[in-house]
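Chemist: coordinates only, sequence not included:
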C-alpha cells in the first residue's frame, strides 16, 4: 500500500494526491521531524491530533500515523500533501488544521527556527495567512 502511495506521489501532477487524512498525518510527521528529533511526546501529539481532527479511534490514529511515517520518509516534497488538504478541506477548517499542526510543533516545548519556517511554508501553501497562523499558534500554545 505504501509503495502504491509513493508511486502516486512521484508521478506527474495529474495524479491525485493522497487522501486528506493521510496527507495531514504525513504533514504532522514531517513537522515533528523538522527539528531532527521525533520523540514519544510528538508521536502522542500527532495521534491526539488525528483523533480530534478526523474522529478516529486511538488505534486507527496510530495505524494512520505509521503509514504516514513511511510515506513522509520517502516523499520528495510537501506540496502534494498541502494540495490534497487544500482541495479537500474548506478554508475555515484548514485554519483548525494549522492549529493542530502548531500543537504538534509546540508539543516538545521548544520553538525551533526550522519548525517555524516549515510552518510558514505549510500555512502559506494551505492558503492561511501569517496572521491566521500566528493566531492558531497562540491558541495551540494556550491549550
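Modeler: Right, received. Where do you want to start? These numbers come from a predicted model, not from an experiment.
Chemist: Next, residue 128: secondary structure please.
Modeler: Using DSSP: H, G, I helix; E, B strand; the rest coil, the three-state assignment for residue 128 comes out as coil.
Chemist: Let me know the pLDDT of the nearest residue to it once chain neighbours are set aside.
Modeler: In space, residue 128 comes closest to residue 98 once its chain neighbours are excluded; the distance is 5.2 Å by Cβ to Cβ, 6 or more residues apart in numbering. Placement of C-beta: from N, CA and C, glycine included. Note on residue 98: pLDDT of 97.
Chemist: Help me confirm that residue 98 comes into contact with residue 133.
Modeler: Yes - shown here, residue 98 and residue 133 form a contact pair, counting by Cβ atoms under 8 Å, at 5.6 Å.
Chemist: Can you pull the residues that touch both of the two?
Modeler: 119, 123 (Cβ atoms under 8 Å, 6 or more residues apart in numbering).
Chemist: Report the residue spans of the protein with pLDDT below the cut-off.
Modeler: 1-18 (pLDDT under 70).
Chemist: one more time with 90, if that's ok
Modeler: Within the chain, the stretches with pLDDT under 90 are 1-19, 35-37, 75-77, 80, 92, 108-112, 142-143.
Chemist: quick one: residue 66 from residue 50, how far?
Modeler: Distance from residue 66 to residue 50, counting by Cβ to Cβ, to the nearest Å: 11 Å.
Chemist: And those two? Which one has more around it.
Modeler: Between residue 66 and residue 50, counting by other Cβ atoms under 10 Å, residue 50 is the more crowded of the two (25 against 14).
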